[in-house]
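Trainee: structure for the following, please:
(one chain, ligands or ions: 2)
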Amino acid sequence: MKLIHLIEQLPKTELHLHIEGTLEPELMWALAEKHGVALPYDSVEAIKAAYQFDSLQSFLDLYYQGADVLRDEEDFYQLMRSYLQHCHADNIVHTEIMFDPQTHTERGVGFDVFMPGFQRAIDEAKKQWGISVYLIMSFLRHLSEAAAIETLNKAREYYPVIKAVGLDSSEQGNPPEKFVKVFTAARALGFKCVAHAGEEGPPDYIWQALDLLKIDRVDHGVRAEEDEQLIKRLRDSGMALTVCPQSNIKLCVFDNMAQHNILDLLEQGLCVTVNSDDPSYFGGYLNDNYKALMTHLAMNETALVQLVKNSFIGSFLPAEEKNKWLRCIDNLVAKAA
Ligand SMILES: Nc1ncnc2[nH]cnc12
Ligand SMILES: [Zn+2]
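Mentor: Ligands and ions are numbered 1, 2, ... in the order given. Predicted coordinates:
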């Protein structure tokens, strides 16, 4: 079977996806009209044309501005529904989705608005397509730790439907050590922990996330390659890295896809996975990211299958579920040979 067909047909998980980053320009435009929100663009085409970034911050400025059109329960339902339709199209059978409560609560849009919208779309996708979903509540690291603690407390009613907490937004100057208390509290409450680290920030931020926040998974982590001891630590502990190839190119972490280090990290024995991060801003959903590795990095079948298996191994699914999917992948690959 051709590699491109294998990409499409293998069951996959996505482990690094910001739901606010799936807001397509068409939906942004429609919701701005619905709520009378003034956008600094005069057309959908102008929104698309504005998506040229030279750093993480230049993207985040547009991403937070875009999220301002999300106002009522139906908006959050539509946002989630549309991403889960993409999951179905890409044969994603399980996804662990980040949401940024503070992006909404800071604008007066509460948990009681976005959580029911998310949940309705998740319930439908489960029933309609059998997709399983975990939610990851991410704290914005450019805000204070006190604000993160307040968010953790505000979410209390929704703890049963939240699997993990995360840390995102502007990395440089906002090290993991700033959030030790809130991660310690979240862990004590039984949440899994993840954090963006080593996207733009130095390897030291990955060490801090591991040792101080005691994370279960690293989001991005591509700058680990600069530190041999860190590579050894990640390999020996089997720590999963949620790498986002197209995001890294759009945000200038690498000059172009041919320069991306994901396959080098895989070869060094790290549990790297492929993810789309903010697909509507970065030009592709999950399968597009795999296809980019095929086109620009000459990813072969062995590498593809390992990356897809890693997406299950690095997930927070129970062991029996992981093993079921790993066997399913082996069977599909054997049949395709
Ligand atoms: N790639 C990214 N890095 C940090 N924060 C984010 N929020 C949404 N996407 C992000
Ligand atoms: Zn991210």
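
Trainee: taking the stretch 1-150 of the chain, what residue is nearest to ligand 1?
Mentor: Nearest residue of the stretch 1-150 of the chain to ligand 1: His18, at 4.2 Å (Cβ to the nearest ligand atom). For every residue, glycine as well, the C-beta is placed using N, CA and C.

Trainee: for that residue, give me phi and psi.
Mentor: Dihedral pair for His18: phi -100, psi 120, per degrees, to the nearest 10.

Trainee: now it. Nearest residue, chain neighbours left out?
Mentor: Spatial nearest neighbour of His18, excluding adjacent residues (Cβ to Cβ, 6 or more residues apart in numbering): Met98 at 4.9 Å.

Trainee: the one you found belongs to a strand?
Mentor: Yes: under DSSP: H, G, I helix; E, B strand; the rest coil, Met98 falls within a strand.

Trainee: so what pLDDT did it get?
Mentor: Predicted confidence (pLDDT) for Met98: 99.

Trainee: burial measure for it, as a count.
Mentor: Residues contacting Met98 under the criterion other Cβ atoms under 10 Å number 26.

Trainee: pretty sure it sits against Gly166.
Mentor: Yes: judged on Cβ atoms under 8 Å, Met98 makes contact with Gly166 at a distance of 5.4 Å.

Trainee: so what's in contact with the two at the same time?
Mentor: Both Met98 and Gly166 are in contact with 136-138, where contact means Cβ atoms under 8 Å, 6 or more residues apart in numbering.

Trainee: top of those by number of neighbours, please.
Mentor: With neighbours taken as other Cβ under 10 Å, the top of the shared contacts of Met98 and Gly166 is Ser138, carrying 28 neighbours.

Trainee: for it, grab phi and psi.
Mentor: Backbone torsions of Ser138, given as degrees, to the nearest 10, read phi -100, psi 140.

Trainee: excluding its backbone neighbours, what's nearest it?
Mentor: What sits nearest to Ser138 in space, not counting adjacent residues and going by Cβ to Cβ, 6+ apart, is Gly166, at 3.8 Å.

Trainee: residues touching the one you found, list them.
Mentor: Counting by Cβ under 8 Å, 6+ apart, the residues that Gly166 touches are 98, 136-139, 193-196, 219.

Trainee: CA atoms of the helix or strand where it lies as PDB?
Mentor: Using DSSP states H and E, Gly166 sits within strand 164-168. Extracted as PDB, the C-alpha positions of strand 164-168 are listed here (Å, rounded to 0.1, in the frame of the first residue of the first chain):
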ATOM      1  CA  ALA A 164      -5.300  16.600  32.600                       C
ATOM      2  CA  VAL A 165      -4.000  20.100  33.100                       C
ATOM      3  CA  GLY A 166      -1.600  21.800  30.800                       C
ATOM      4  CA  LEU A 167       0.500  25.000  30.400                       C
ATOM      5  CA  ASP A 168       0.600  27.100  27.200                       C
END
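
Trainee: how about the secondary structure of Thr302?
Mentor: When classified by three-state DSSP, Thr302 comes out as helix.

Trainee: next, count neighbours for it.
Mentor: 10.

Trainee: how far away is it from ligand 1?
Mentor: As judged by Cβ to the nearest ligand atom, to the nearest Å, Thr302 and ligand 1 stand 28 Å apart.

Trainee: got a list of what the closest residue to ligand 1 within the chain touches?
Mentor: Across the chain, the shortest distance to ligand 1 (Cβ to the nearest ligand atom) belongs to Asp168, at 3.5 Å. Asp168 makes contacts with 18, 98, 100, 138-141, 196, 219, as judged by Cβ under 8 Å, 6+ apart.

Trainee: mind checking how far it is from Ile231?
Mentor: For Asp168, the distance to Ile231 (Cβ to Cβ, to the nearest Å) stands at 23 Å.

Trainee: residue ranges for the helices of the stretch 201-337 of the chain, please.
Mentor: Assigned by DSSP state H, counting those that start in this stretch, the stretch 201-337 of the chain shows helices spanning 203-211, 228-237, 245-250, 262-267, 279-282, 286-297, 301-313, 319-336.

Trainee: still on that earlier bit, pipe the contacts of Gly166 into CSV and attach distance to Asp255 per row.
Mentor: What follows is the contacts of Gly166, written out as CSV (distance: Cβ to Cβ, whole Å):
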residue, distance to Asp255
Met98, 27
Ile136, 30
Met137, 34
Ser138, 28
Phe139, 31
Cys193, 32
Val194, 27
Ala195, 26
His196, 21
Asp219, 22
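
Trainee: need those residues in TSV with distance to ligand 1, can you?
Mentor: Listed next are the contacts of Gly166 as TSV, based on distance: Cβ to the nearest ligand atom, whole Å:
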residue	distance to ligand 1
Met98	8
Ile136	12
Met137	13
Ser138	7
Phe139	11
Cys193	16
Val194	12
Ala195	10
His196	5
Asp219	8
